[in-house]
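In: This is a predicted model, with the sequence first.
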Amino acid sequence: MTSETNSDHLPEKPRRRTLLGWLWALLGLLACIELGWLTGSILKSRKPIAARRQGNRLIDAGRVESFSPGDVKAIPEAMAYLSRLEDGSFIALSKTCTHLGCTVPWDQVRQRFVCPCHGSTFDRTGSVLTAPAIRPLDYYPVRIENGLLRIDIATPTRRETFDASQTTRV
């Protein structure tokens, strides 16, 4: 018997190149799946938590006299900040950055909101000071009832610029 006869009866062994080709195809498929998942999660509409709340929700934020002009106070239950402007008016700002939705903290030293994710900054009215955000922070209506400040967190109001009509005066 010759060696040709023995090899005819044995199954053909997979070649190294064939295995590597399948491995690369599998890795490419996994990369495509992961990229699709990542793209979908970024593009998926995310409503802010306050927008999902039902009805008219008023959160007590404190007494008018407890705020001096220039003060900014976090209101955790509203997921917002209440800012008293230099003219004595109030505006409640969403904590959500308008760039990609990160939570924006108030920096007391720099006197501005600074996004920790991509560096956008906003002044105490929520107006954009530095990009990449291109529009101001969303705001909530503020009411003054018997000297008490109340924030209506039912839905944030999207805006393109700051306007004095977005504030509440004493």
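Out: On my side now, so go ahead. Numbering: from 1, shown residues only.
In: confidence score at Gly40?
Out: Turning to Gly40, the model gives it a pLDDT of 81.
In: Are we agreed that it is in a helix?
Out: Yes. Using DSSP: H, G, I helix; E, B strand; the rest coil, the secondary structure at Gly40 is a helix.
In: Now for Val128: which residues touch it?
Out: Shown in contact with Val128 (Cβ atoms under 8 Å, 6 or more residues apart in numbering): 98, 120-122, 134-136. For glycine as for every other residue, the C-beta is placed from the backbone atoms N, C-alpha and C.
In: how close does it sit to Leu43?
Out: Using Cβ to Cβ, to the nearest Å, one obtains 23 Å as the distance from Val128 to Leu43.
In: Next: Ile33.
Out: If you measure Ile33 against Leu43 using Cβ to Cβ, the figure is 16 Å.
In: tell me the pLDDT at the residue nearest in space to the middle of the chain?
Out: Averaging the C-alpha coordinates of the chain gives a centre point, and the residue nearest to it by Cα atoms, centre = their mean is Gly101 (0.9 Å). The predicted structure scores Gly101 at 90 on the pLDDT scale.
In: In PyMOL, select just the buried ones from the contacts of Val128.
Out: Listed next is the PyMOL selection for buried residues among the contacts of Val128, using 16 or more other Cβ atoms under 10 Å:
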select buried, resi 98+120+121+122+136
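In: Output the lowest mean pLDDT helix or strand found in this structure.
Out: For the chain, the helix or strand with the lowest mean confidence is helix 49-52, at a mean of 46 (criterion: mean pLDDT, DSSP states H and E).
In: Tyr81 is in contact with Ala74, correct?
Out: Yes. When contacts are counted by Cβ atoms under 8 Å, Ala74 is listed as touching Tyr81 (5.6 Å).
In: Going by residue numbers, what spans are helices in the chain?
Out: When secondary structure is read from DSSP state H, the chain shows helices at 3-9, 16-43, 49-52.
In: out of those, deepest packed?
Out: helix 49-52 (a mean of 14; mean count of other Cβ atoms under 10 Å).
In: Gly88 against Thr168, yeah?
Out: No. Checked against Cβ under 8 Å, the pair Gly88 and Thr168 is beyond contact range at 10.2 Å.
In: These two: which is more packed in?
Out: It is Thr168, of Gly88 and Thr168, that has more neighbours when counted by other Cβ atoms under 10 Å, with 17 against 13.
In: what's the domain layout of the chain?
Out: Listed domain ranges for the chain are 15-44, 49-166 (source: automatic domain parsing).
In: just checking, which of those domains comes out with the lowest mean pLDDT?
Out: Per-stretch averages of pLDDT across the domains of the chain put domain 15-44 at the bottom, with a mean of 87.
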